[in-house]
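Trainee: This is a predicted model, with the sequence first.
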Amino acid sequence: SELTSLTNGDVHLGVGAHVRCHGKGRKDRATPLTRQTVRVLRAWQAEQHGEPADPLFATRTGRPLSRDAVEKLVGKYAAIAATSCDTIAAKNVSPHTLRHSAAMALLHAGVDTSVIALWMGHEDPGSTQAYLHADMTIKEQALARVRPRGTRPGRYRAPDSLIAFLDKL
């Protein structure tokens with residue numbers, strides 16, 4: 001819903017490029033933009049010729065896109081991407097999936113969860129902890145830092161007999 005409520009005036013493309021997001025409870029936050037995103041948004045705004053109060057992403061009639069419309073667009077382009085990327089084909093891609101993926105990319109880059117919470121607009125940093133709990137790679141990296149000398153980290157591999165038994169269930 002933050003995306004659908006953005007206006008052209010919420011986007012600042014100069015030095016310190018960012019978008020002003022309006023979150024739950026009328027809480028605003030600034031989200032920085034990458035150079036590539038700035039280029040795309042500049043081209044988009046030049047093409048749209050919108051006023052600052054106009055929706056950043058509008059329908060043909062100039063109204064803000066609905067959440068359903070955004071969901072359909074994400075699904076449409078995920079299906080197109082799936083034709084050249086097998087891993088996407090097996091996933092149900094939604095706007096929330098993209099949001100979660102962005103948070104996980106920040107987490108994998110070593111960004112502190114309190115910073116990710118600010119970025120994502122989580123009022124409670126505990127909401128961001130769920131990303132940590134779900135990520136096995138981060139747990140393995142933490143374990144690797146404290147493992148006894150001379151041992152190697154690894155994942156449990158069930159014996160073939162156990163796998164065969166489970167397959168029969």
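Mentor: That came through fine.
Trainee: What's the local residue count around residue 118?
Mentor: 15 (other C-beta atoms under 10 Å). Glycine gets a C-beta too; all of them are placed from N, C-alpha and C.
Trainee: Helix, strand, or coil at it?
Mentor: Using DSSP: H, G, I helix; E, B strand; the rest coil, the structure places residue 118 in helix.
Trainee: number of nearby residues for the closest residue to it other than its chain neighbours?
Mentor: Spatial nearest neighbour of residue 118, excluding adjacent residues (C-beta to C-beta, 6 or more residues apart in numbering): residue 29 at 6.9 Å. Using other C-beta under 10 Å, residue 29 is surrounded by 15 other residues.
Trainee: pLDDT of the host helix or strand of residue 29, averaged?
Mentor: Element membership for residue 29 (DSSP states H and E) is strand 28-32. If you average the pLDDT over strand 28-32, you get 87.
Trainee: same deal with stretch 145-152?
Mentor: When pLDDT is averaged over stretch 145-152, the result is 69.
Trainee: now swap in stretch 7-23 and tell me
Mentor: Average pLDDT, stretch 7-23: 92.
Trainee: what's the distance between residue 167 and residue 156?
Mentor: 17 Å (C-beta to C-beta, to the nearest Å).
Trainee: Tell me which of these two has more neighbours.
Mentor: Per other C-beta under 10 Å, whichever of residue 167 and residue 156 has more neighbours is residue 167, with 7 against 4.
Trainee: And the pLDDT for that one?
Mentor: Note on residue 167: pLDDT of 89.
Trainee: Tell me how far residue 80 lies from residue 74.
Mentor: In terms of C-beta to C-beta, residue 80 sits 11 Å off from residue 74.
Trainee: ok, these two, which is more surrounded?
Mentor: Legend: neighbour count by other C-beta under 10 Å for residue 80 and residue 74, higher for residue 74 (16 against 11).
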